[in-house]
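**Student:** return a 3D structure for these sequence lines:
(4 chains)
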There are 4 protein chains.
Amino acid sequence: MIVAMQEKATEEQIDAVIDAMEEAGVDVHRTTGAMQTILAGVGPTAGLDLTKFEMLPGVLHVHRISAPYKLAGRAWRPEGTVVEFPNQATIGGQAIAMIAGPCAIENREQIFEIAACVKAAGGKFLRGGAFKPRTSPYSFQGLGIDGLKVMREAACAHGLATVSEVMEIAQIEPMLPYVDCFQVGARNMQNFNLLRELGQVRKPVLLKRGIAATVEELLLSSEYILSGGNYDVILCERGIRTYETATRNTMDIAAIPVLKKLSHLPVVGDPSHGTGRRDMVAPMAKAAVAAGADALLIEVHPNADKAVSDAAQTLYLEPFEKLVRELRVLAEAVGRTM
Amino acid sequence: MIVAMQEKATEEQIDAVIDAMEEAGVDVHRTTGAMQTILAGVGPTAGLDLTKFEMLPGVLHVHRISAPYKLAGRAWRPEGTVVEFPNQATIGGQAIAMIAGPCAIENREQIFEIAACVKAAGGKFLRGGAFKPRTSPYSFQGLGIDGLKVMREAACAHGLATVSEVMEIAQIEPMLPYVDCFQVGARNMQNFNLLRELGQVRKPVLLKRGIAATVEELLLSSEYILSGGNYDVILCERGIRTYETATRNTMDIAAIPVLKKLSHLPVVGDPSHGTGRRDMVAPMAKAAVAAGADALLIEVHPNADKAVSDAAQTLYLEPFEKLVRELRVLAEAVGRTM
Amino acid sequence: MIVAMQEKATEEQIDAVIDAMEEAGVDVHRTTGAMQTILAGVGPTAGLDLTKFEMLPGVLHVHRISAPYKLAGRAWRPEGTVVEFPNQATIGGQAIAMIAGPCAIENREQIFEIAACVKAAGGKFLRGGAFKPRTSPYSFQGLGIDGLKVMREAACAHGLATVSEVMEIAQIEPMLPYVDCFQVGARNMQNFNLLRELGQVRKPVLLKRGIAATVEELLLSSEYILSGGNYDVILCERGIRTYETATRNTMDIAAIPVLKKLSHLPVVGDPSHGTGRRDMVAPMAKAAVAAGADALLIEVHPNADKAVSDAAQTLYLEPFEKLVRELRVLAEAVGRTM
Amino acid sequence: MIVAMQEKATEEQIDAVIDAMEEAGVDVHRTTGAMQTILAGVGPTAGLDLTKFEMLPGVLHVHRISAPYKLAGRAWRPEGTVVEFPNQATIGGQAIAMIAGPCAIENREQIFEIAACVKAAGGKFLRGGAFKPRTSPYSFQGLGIDGLKVMREAACAHGLATVSEVMEIAQIEPMLPYVDCFQVGARNMQNFNLLRELGQVRKPVLLKRGIAATVEELLLSSEYILSGGNYDVILCERGIRTYETATRNTMDIAAIPVLKKLSHLPVVGDPSHGTGRRDMVAPMAKAAVAAGADALLIEVHPNADKAVSDAAQTLYLEPFEKLVRELRVLAEAVGRTM
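**Tutor:** A predicted model of the protein is given here:
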């Protein structure tokens, strides 16, 4: 950490800041220029709330100079993490993975039809929501564990791995038999108790970025899971909230290469939530792949207009298959496969 | 709801949209102008996902014309809600309430000293955090129920009501004996399962706006609690995330009068989180009162610089007392008391 | 336009709104449902300030149902606009164009070296800034017309078309001999007097999106130029301002396909300003092409670290050439050429 | 400036950064800790583009440690600036000033009626727009200099000072006889040529914050005017663009005390543009005063609903007079007068 003192800071103030820094466990190096004194603090600042130093008398600014996360950092595993699944599928390697399915599992027929389509298109992951708390209390709220059971059956029938969102700690245990990957939704990205608990699980976690979360906060959240010993974390860019309303969210495509540079964890792009508009899913899926995404998460439904939730952003099966064909060509153009 | 069709929409497309609307349970009124057909849908659209209609062929735009919440709306209780507490304090009436305390309860001595100060300053609510999941897994995480016990003691000693944050459903039951008001933090504003459970409780809930939540979403979240039969909900503006970094968040003062107009629920201003800077708490507390806030939520600590969390935004006791004296004059100037 | 009245609106209020709508020149169709009256206004609302209706007594919401722009709309020229340049280059057709150059023209040697490199890489457009008003009044401010002269020479020597930013009306005339395309910068996107003047010019205009402008506002700004009779407008996505600080701006890649759908005008992606980071230019250039961009605008400099402005986002010549080679493969994968 | 090197930075990289810093004219102090080297640069960095150092090999972060502005800083004139006007009115002193008028000057009768009302309410400044470039090219565009002439007459008749927006350099000269204060609108906050020119004028300038500008950028823009020798600059908070749509902009009330702390310049609050809603002008005007604003800028019109522009946010004369009465009481409660 760096503390820049105000030009008029007194020796007394400078000493008080040095004391506070040392009390916090950092070694202090002082540089006194013609106009300003600068204090460089070296040591374990990862868990330190630096803003408290900003309020000390005579302080101008405080800057963090090392990343506040460790295990998520690229330096910790420079070669990159490849997450492996029971069906031999991987996320994070040379092949780009396709994770697809309905926003909500609605019934046996629906999920079997989608599983067949995902398989036919070459996808290896089936994703469906079982718990659907919605913005309005008057909306459909999901099938629960029964939904997961039929999704598991459908996935087994086609050799697919399953992905489903976990909303709270109490759901982890009952979900375990049915999911190969726990998804943590955007609203739970900073539900730290849930993250800590998932750090104890030995199944991969797909962690979505919150709609107002920075890239750094996403990495800090992943650190909660990693520090529990669960190293199979997959990050997901799914759009952030901005002033623009032409799309439901603004998909921050640059977050994909930024995350790849800062971290060794695989990164997924979710153009369905990223745009909220079916007609923008294909171009944004391509953009994500071109920018370096390791996987895509796409909502599909055989009768998309009648999907009980997220209908507007859900692809019909046919356009989905067409998109996968196009992505395959694109993947090759950027030196990967799909 | 209103569906505006594209200029070139065919009769077939229009009929398909009318069918979809009727299937969703709304009565459709059609207006065909020289250039465009407009379909007005009247009926129960509160739980309806309108975006799905936007993707139907020939549709230009879909607009919601009635508020998606009901019980939270001003019309439901035009005279406004006044929430009452066991110590005879109220929030929502003519008097402006002061809720104060440390970000985290640290020990018995700390919370007793603060309670005495809050009481001396005329405050009626003591707030302290017991569960502190932090952005970084390496930071202090709170005292838990033990912390609530000493806070309750300190509050009892001074006739104060207690407010503390609940992070998950499992905490509600054990917290019940110790808190007079459950706080739902910004990160949990859309934790709908938690909200639903709090709808079953018969204690007031202070619901904080998420850092990327709209005013409408805040009201929809309150609807989850209200629809369970718990009508004692207090809304809280605590700053939203914007591009500006001079303050930690941008406190949306206008949300206070907007909420007061749209809803009957009392509104609290939180200038501590709203700005993240101790030196901005006083002017923003005043701004909140001037704009019509029913209460203030302010972080205080006898040794603010050493507070284990939120140090930068926490007031020392003396400036807090000075602020309360100034607010009392201000409250009178806007026709209220404190 | 649609006016949704409040549930309790009186007949008198409804009549007053109808009068106001008719006075504004629109035909009114009234739908009275069980709970609410809806007024649909049909007619010329493009220049109408609809917010004024929102304040009329009894009004709940007002919605615009037709796009506020006309000439920029896709319907006006469904086949898309192809802008042609004197050197036979085009923007908007099947081939993706590369526009490259330094942020600021610094001297003859610099611009000739860059021109040669752009040419060698297959680019057809040389872009350089001559007027550089900077955020700080203490920074370098550009070479002016003298800079444009040497850029024109360098471009001629290599058969390139020139692009340069115009900052104010008085510069148009003197710039005319030296530029083949006027660029309007993000800060001037709503400098309507300048836009109107450029509508009278008969050279293409590259219009950059403002850092807080919506897609709709960008199209409205283009309408100022188009309505003057200058139909050669090229839109440019160059990043918007959000809370995320990992990149200087958040490049709204989705704006590219959204603009292509709403408008017939060609769309350029600017990954240099879009990210502000040299290491993110390549992935974001690829993302823009994958999402459907018609051209790219990239800052290059033989000695990027010493560029007088925008150094951090400027590519060295070699990585630029490598990027172009990769983009050529990518363009083919999405059915285009470069 | 501070440059934090990466943990693995080589001596060669460190030397190269030191060279680059020295070349830029700063003295370098090096601190080498156990894990990381930190380079503190002391010297004239105000006009320096620090981002260029971020791209040098081995660099982790670069931080500015002194404010990039000088003349606008509080330290330059700790007692605060009081701007004086020919009619003896002042902005920046103990009294809070009221600046009011229509968005656009429409005709003689309108502006005279408003002037009389502003005077009667105790206001000393009449503001009206003469040049009105609008988002849509199809809207009303203002009366020009003729409008300023009648505004000047109306102001003279009532002893008011005049304020009007200047859109471009060419308007300065013809406006000079008619305005006592030039307003620079939000869209021109970074029109640096215009600002520089206004630095040569010897009349006060009211500089509005851009809708996506930071507080620091606003101060940098003021520096353009101040560095020309025109020290009478008044800053204006008028709302920034965020994701919230309940109000047209989000009025950043905290910017008022932040600016007062960082700078000696007076600060005006504009609740009309700050909210875009007539019904929110009164509470937000009060909030601005409570937070420390030195003046208010409010749009009034005798027939607000028919105002040619900004109708939705314009007050009728009677509510305006009522607001001023209430503000007078409030001003006293915060130790000021109106």
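**Student:** list the contacts of the closest residue to A:G129 other than its chain neighbours.
**Tutor:** Among residues not flanking A:G129 along the chain, A:A104 sits closest, at 4.7 Å (Cβ to Cβ, 6 or more residues apart in numbering or on different chains). C-betas here are computed from N, CA, C, even on glycine. Counting by Cβ atoms under 8 Å, 6 or more residues apart in numbering or on different chains, A:A104 makes contact with A:G128, A:G129, A:A130, A:K132, A:F140, A:G142, A:L143, A:G147, A:A307, A:V308, A:S309, A:D310.
**Student:** try it again with 7 Å
**Tutor:** Going by Cβ atoms under 7 Å, 6 or more residues apart in numbering or on different chains, A:A104 touches A:G129, A:K132, A:F140, A:G142, A:V308, A:S309.
**Student:** ditto for A:A213
**Tutor:** Taking Cβ under 7 Å, 6+ apart as the test, what A:A213 contacts is A:M189.
**Student:** which pLDDT does the model give it?
**Tutor:** Listed pLDDT for A:A213 reads 97.
**Student:** does it sit in a helix, a strand or a coil?
**Tutor:** Three-state assignment for A:A213 (DSSP: H, G, I helix; E, B strand; the rest coil): coil.
**Student:** what is the burial count for A:A40?
**Tutor:** A:A40 sits with 27 neighbouring residues when counted by other Cβ atoms under 10 Å in any protein chain shown.
**Student:** surely it meets D:T37?
**Tutor:** No. Using Cβ atoms under 7 Å, A:A40 makes no contact with D:T37, being 9.6 Å away.
**Student:** what's the overlap in contacts for the two?
**Tutor:** With Cβ under 7 Å, 6+ apart as the test, A:A40 and D:T37 both reach D:T31.
**Student:** run through the residues that contact the closest residue to chain C within the stretch 1-150 of chain A.
**Tutor:** Using Cβ to the nearest Cβ, the closest approach of the stretch 1-150 of chain A to chain C is made by A:A67 at 11.5 Å. By Cβ under 7 Å, 6+ apart, A:A67 lies in contact with A:G73.
**Student:** how about A:V281: what's its closest non-neighbour residue?
**Tutor:** Nearest one to A:V281, counting by Cβ to Cβ, 6+ apart, is A:P271 at 4.8 Å.
**Student:** coming back round to it: find me the pLDDT at the residue nearest to A:G129, would you?
**Tutor:** On the pLDDT scale, A:A104 gets 92.
**Student:** same question for A:V281.
**Tutor:** On the pLDDT scale, A:V281 gets 97.
**Student:** the host helix or strand of A:L219 near chain B anywhere?
**Tutor:** Under the criterion of DSSP states H and E, A:L219 resides in helix A:215-226. Yes. Residues of helix A:215-226 are located near chain B by Cβ under 7 Å from any Cβ of the partner chain, namely A:E217, A:L220, A:E223, A:Y224.
**Student:** redo these as CSV? Include pLDDT and distance to D:A155.
**Tutor:** Output for these, formatted as CSV (pLDDT from 0 to 100; distance: Cβ to Cβ, whole Å):
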residue, pLDDT, distance to D:A155
A:E217, 95, 52
A:L220, 93, 57
A:E223, 93, 62
A:Y224, 91, 63
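**Student:** return the members of those classed as buried.
**Tutor:** Among those, those classed as buried by 16 or more other Cβ atoms under 10 Å in any protein chain shown are A:E217, A:L220, A:E223, A:Y224.
**Student:** for the stretch 201-338 of chain A, what lies in contact range of chain C?
**Tutor:** A:212, A:214-215, A:240, A:242-247, A:250-254, A:257-258, A:261, A:275, A:279-280, A:283-284, A:286-287, A:289-292, A:329-330, A:333-334.
**Student:** now do the strands in the stretch 101-250 of chain A.
**Tutor:** A:125-127, A:161-165, A:181-184, A:205-208, A:233-237 (DSSP state E, counting those that start in this stretch).
**Student:** now render these as JSON lines, adding mean neighbour count, distance to chain D and mean pLDDT.
**Tutor:** Converted to JSON lines, the strands of the stretch 101-250 of chain A look like this (neighbours: other Cβ atoms under 10 Å in any protein chain shown; distance: least, Cβ to the nearest Cβ, whole Å; pLDDT from 0 to 100):
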{"stretch": "strand A:125-127", "mean neighbour count": "28", "distance to chain D": "27", "mean pLDDT": "98"}
{"stretch": "strand A:161-165", "mean neighbour count": "25", "distance to chain D": "24", "mean pLDDT": "98"}
{"stretch": "strand A:181-184", "mean neighbour count": "23", "distance to chain D": "23", "mean pLDDT": "98"}
{"stretch": "strand A:205-208", "mean neighbour count": "26", "distance to chain D": "18", "mean pLDDT": "98"}
{"stretch": "strand A:233-237", "mean neighbour count": "27", "distance to chain D": "18", "mean pLDDT": "98"}
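**Student:** burial count for the nearest residue to A:G269 once chain neighbours are set aside?
**Tutor:** Computed as Cβ to Cβ, 6+ apart, the closest residue to A:G269 that is not its neighbour in sequence is A:A288, at 3.0 Å. Using other Cβ under 10 Å, A:A288 has 30 neighbouring residues.
**Student:** A:E7 now?
**Tutor:** With other Cβ under 10 Å as criterion, A:E7 counts 14.
**Student:** do the same with A:E109
**Tutor:** A:E109 has 11 nearby residues by other Cβ under 10 Å.
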